[in-house]
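> Structure for the following, please:
(one chain, ligands or ions: 1)
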Amino acid sequence: MQTTLSLKLSPAEADDDTVIRKYIAGALGKNEAAISGFYKLKQSIDARSSKQVWMNLQLHVFIDEPFQKREWVPVYFKDVSLARSKVIVVGAGPAGLFAALKLIEKGIQPIILERGKDVRARRRDLAALNKEGIVNPESNYCFGEGGAGTYSDGKLYTRSSKRGDINRILSILCQFGAEENILFESHPHIGTNKLPLIITAIREKIIECGGKFLFEKKLTNFILKDNRFVSAITADGDSIPADAAIIATGHSARDIFFLFKEKQLDISAKPFALGVRIEHPQSLIDTIQYHCAIRDKHLPPASYGLVEQVNDRGIFSFCMCPGGIIAPAATHPGELVVNGWSPSKRNNPYANSGMVVEVALADALSYFSKKGKNTQTTNVHENDPLALLYFQQSIEQACYIAGGGLLRAPAQRMVDFCEQKSSNDLPDCSYLPGIEASDLQTVLPGFIHQCLQKGLIAFGKKMKGYYTNEAVVVATESRTSSPVRIPRDPISLAHSQVSNLYPCGEGAGYAGGIISAAMDGERVAQMIAENICKI
Ligand SMILES: Cc1cc2nc3c(=O)[nH]c(=O)nc-3n(C[C@H](O)[C@H](O)[C@H](O)COP(=O)(O)OP(=O)(O)OC[C@H]3O[C@@H](n4cnc5c(N)ncnc54)[C@H](O)[C@@H]3O)c2cc1C
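The predicted model follows:
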């Protein structure tokens, strides 16, 4: 017999299969010997009670019958080396990679064009970013094999459950080497150290099946004929024809947005969020969240999620990285962008999180009108689809200057930031290029600074101890999602004006995060397969 069962156990109990088995037997009124095995369907932490942290387990149990391990059916990928249909996939981030895999599954040959380098070569450019403050505009935390998802935190949860099959994406990640606990944990996480191996395994499978993977191959133009895509033009002058193209270039490929505008193809300004990254000692966040002096060794480093409405605007924590590192995520020299990642063990002494404020088109217009006429961007107007991109860029540039160059980031202690006092010194911080005490009011637009001030004070009331000068506020977290949308037809998923050109993933405005980008890649590739069959 098989059954499912929910248990609420202490963290130590939930970590010990022998103890779990005892509880199962007790709950089912059986002998322990009758429990032939079990696996976890779900596991989540319940830290709401100030007295005890609980682990909620949902289990699949085998009683008096042979135990079978949790099964996920591996996807079968076809040999597409001689396939008649070829599709160009621009960008090897999660959207592009999962689109390529889906195309292979459907018998179509993907030709992946990636501006950056493979995961291994990319490491050298990340080292230069962190140690010397040098940004390679083709290879950085956002560009290169695996996209922004490779040297990311690898958190694998999403609220976009309606956009596709999350479990399918998680199973495919397991097929390429991810640990199976991502299948049952409520907040699955892979970690920066493990993601490159998975990305490499995906690439090897794509090549083994006859797909093409071209590195340092930047799309700079494409040829259209009769409103159809004909071929991709790359920076080195190649022209690569295909039956269709997927544009999965991510939120940081500004040149792609410029290209669409130049070619008079529809794009529009898309609201996004901008703010800062905040870092606390991890031990402080553990104490607050788990109500203890020292974290139980059976519990992971604690995380948090905070949201508040301030002045009719949403302010929220974003991409929280327990035991993590603040990373320099700029893609262009002279700009400063911070983001966060953590290793699989989440064993750094810091907890960082983005803390961002919603930004709409009207905010960008009012920001530029206040900035005055002597700026490069005086021509930004309400019909400019790039208005929010210019806003994002302008703040990144201001932060670069305020930090004093070489990617040193302007920073302030949290209470000083809210009380508008300068910080005489700064706490230790994980951000490797270094932080510089600055008045962040001078670099962040007034509405963002004010919302953050009020929001942080409010968060301090929700999470006692959060509002503290032990925390440091680092600017700017600006690449939260795309400031531009590349619109597509809701039925065919192709660009509204080009019937075989498919905007995809986060850059096009249809995803936010690894899982939703991967799901969008699959969705678009599935649609291409259906459309190609009709031809
Ligand atoms: C440091 C960091 C940490 C993050 N942590 C998490 C996390 O824990 N969980 C999570 O869900 N999300 C996280 N994210 C966000 C996540 O990585 C993105 O949402 C996701 O990668 C978007 O996928 P995508 O495929 O749409 O685009 P991207 O991953 O941005 O990929 C786009 C790809 O296109 C390539 N490209 C761009 N222009 C061209 C061109 N002209 N020609 C050829 N190739 C081009 C780029 O090099 C890149 O490889 C993090 C991001 C960063 C930077």
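> Quick one: name the residues of the stretch 251-400 of the chain near the ligand.
253, 255-256, 319, 327, 329, 339, 341 (C-beta under 6 Å from any ligand atom). (C-beta placed from N, C-alpha, C; glycine too.)
> try it again with 5 Å
Proximity of the stretch 251-400 of the chain to the ligand (C-beta under 5 Å from any ligand atom) is limited to residues 253, 327, 329, 339, 341.
> which one of those residues sits closest to Y390?
A253 (15.5 Å; C-beta to C-beta).
> any idea how far D489 is from the closest one?
To D489, A253 is 22 Å away according to C-beta to C-beta, to the nearest Å.
> which of these two has more neighbours?
A253 (25 against 14; other C-beta atoms under 10 Å).
> Give me the nearest residue to the more buried one, chain neighbours excluded.
Nearest residue to A253 in three dimensions, chain neighbours excluded: G507, at 5.8 Å (C-beta to C-beta, 6 or more residues apart in numbering).
> which parts of the longest strand seen in the chain are buried?
Counting by DSSP state E, the longest strand found in the chain is strand 35-46. For strand 35-46, the neighbour count (16 or more other C-beta atoms under 10 Å) marks 35, 37-40, 43, 45 as buried.
> Quick check: next helix or strand after that strand?
Going down the chain from strand 35-46, the next helix or strand is strand 54-63, by DSSP states H and E.
> wait, isn't E138 in contact with T220?
No: counting by C-beta atoms under 8 Å, E138 does not reach T220; the two are 11.9 Å apart.
> Name the residue in the two with the higher neighbour count.
E138 (17 against 14).
> what sits against the more buried one?
115-117, 144, 216, 218 (C-beta atoms under 8 Å, 6 or more residues apart in numbering).
> Could I get the phi/psi values of the residue nearest to D384 when sequence neighbours are not counted?
Among residues not flanking D384 along the chain, A269 sits closest, at 7.2 Å (C-beta to C-beta, 6+ apart). With angles defined as degrees, to the nearest 10, A269 sits at phi -70, psi 140.
> and what of the one 3 residues further on?
Summarising the backbone geometry of F272 under the convention degrees, to the nearest 10, its torsions are phi -140, psi -160.
> next one: the one 3 residues further on
The main-chain torsion angles of G275 are listed as degrees, to the nearest 10 and equal phi -180, psi -130.
> Across the sheet, point out what pairs with the nearest residue in space to it that is not next to it in sequence.
Leaving out its chain neighbours, the residue that sits closest to G275 by C-beta to C-beta, 6+ apart is V356, at 3.6 Å. When bridges are called by DSSP bridges, V356 pairs up with G275, F316.
> What separation do you get for V356 and V338?
11 Å.
> Please enumerate the shared neighbours of the two.
Residues touching both V356 and V338 by C-beta under 8 Å, 6+ apart: 276, 477.
> Might one say that V356 is in contact with L274?
Yes: look at V356 against L274 with C-beta under 8 Å: they come within range, at 5.9 Å.
> and A92, that's in a helix?
No: A92 is assigned coil when assessed by DSSP: H, G, I helix; E, B strand; the rest coil, not a helix.
> In this structure it contacts E145, no?
Yes: counting by C-beta under 8 Å, A92 does reach E145; the two are 5.2 Å apart.
> Mind listing the shared neighbours of those two?
Shared contacts of A92 and E145 (C-beta under 8 Å, 6+ apart): 114, 116, 203.
> which of the residues you listed are close to the ligand?
For the ligand, the contacts drawn from these by C-beta under 5 Å from any ligand atom are 114, 116.
> Out of the shared contacts of A92 and E145, which is nearest to P503?
Using C-beta to C-beta, E114 comes nearest to P503 of the shared contacts of A92 and E145, at 17.2 Å.
> which residues touch that closest one?
If you count contacts by C-beta under 8 Å, 6+ apart, E114 has them with 91-92, 96, 144-145, 213-217.
> any chance of the residues you listed in JSON lines, with distance to R168 and secondary structure too?
Below are these laid out as JSON lines (distance: C-beta to C-beta, whole Å; DSSP: H, G, I helix; E, B strand; the rest coil):
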{"residue": "G91", "distance to R168": "21", "secondary structure": "coil"}
{"residue": "A92", "distance to R168": "20", "secondary structure": "coil"}
{"residue": "G96", "distance to R168": "17", "secondary structure": "helix"}
{"residue": "G144", "distance to R168": "26", "secondary structure": "coil"}
{"residue": "E145", "distance to R168": "22", "secondary structure": "coil"}
{"residue": "F213", "distance to R168": "23", "secondary structure": "strand"}
{"residue": "L214", "distance to R168": "27", "secondary structure": "strand"}
{"residue": "F215", "distance to R168": "27", "secondary structure": "coil"}
{"residue": "E216", "distance to R168": "31", "secondary structure": "coil"}
{"residue": "K217", "distance to R168": "29", "secondary structure": "coil"}
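> Pairing partners for the residue nearest to D384 in the sheet, please.
Counting by DSSP bridges, A269 is bridged to V484.
> can you list the weak-confidence ranges in the stretch 1-150 of the chain?
For the stretch 1-150 of the chain, no stretch is flagged by pLDDT under 70.
> same check, this time on the chain
Low-confidence segments of the chain (pLDDT under 70): 373-378, 533-535.
> Quick check: residues of it near the ligand?
Within the chain, the positions adjacent to the ligand are 90-95, 113-116, 141, 143, 147-149, 152-153, 155, 218-219, 249-250, 253, 327, 329, 339, 341, 505-506, 513-514, 517 by C-beta under 5 Å from any ligand atom.
> Would you agree I528 is in contact with L103?
Yes: counting by C-beta under 8 Å, I528 does reach L103; the two are 7.0 Å apart.
> Between these two, which is the more surrounded one?
Between I528 and L103, counted using other C-beta under 10 Å, L103 has the larger neighbour count: 35 against 28.
> packing partners for the helix or strand hosting the more buried one?
For L103, the host element (DSSP H and E) is helix 94-105. Judged by 3 or more C-beta pairs under 8 Å, 6 or more residues apart in numbering; DSSP states H and E, the packing partners of helix 94-105 are strand 86-90, strand 109-113, helix 166-175, helix 195-208, strand 244-247, helix 505-508, helix 514-534.
> Just the helices from the stretch 301-450 of the chain, written as ranges.
Using DSSP state H, counting those that start in this stretch, the helices of the stretch 301-450 of the chain run over 361-371, 387-403, 414-419, 446-462.
> Spatially nearest residue to E477, not counting backbone neighbours?
Among residues not flanking E477 along the chain, G354 sits closest, at 4.1 Å (C-beta to C-beta, 6+ apart).
> Would you quantify the distance from the one you found to A178?
Look at G354 and A178: by C-beta to C-beta, they are 24 Å apart.
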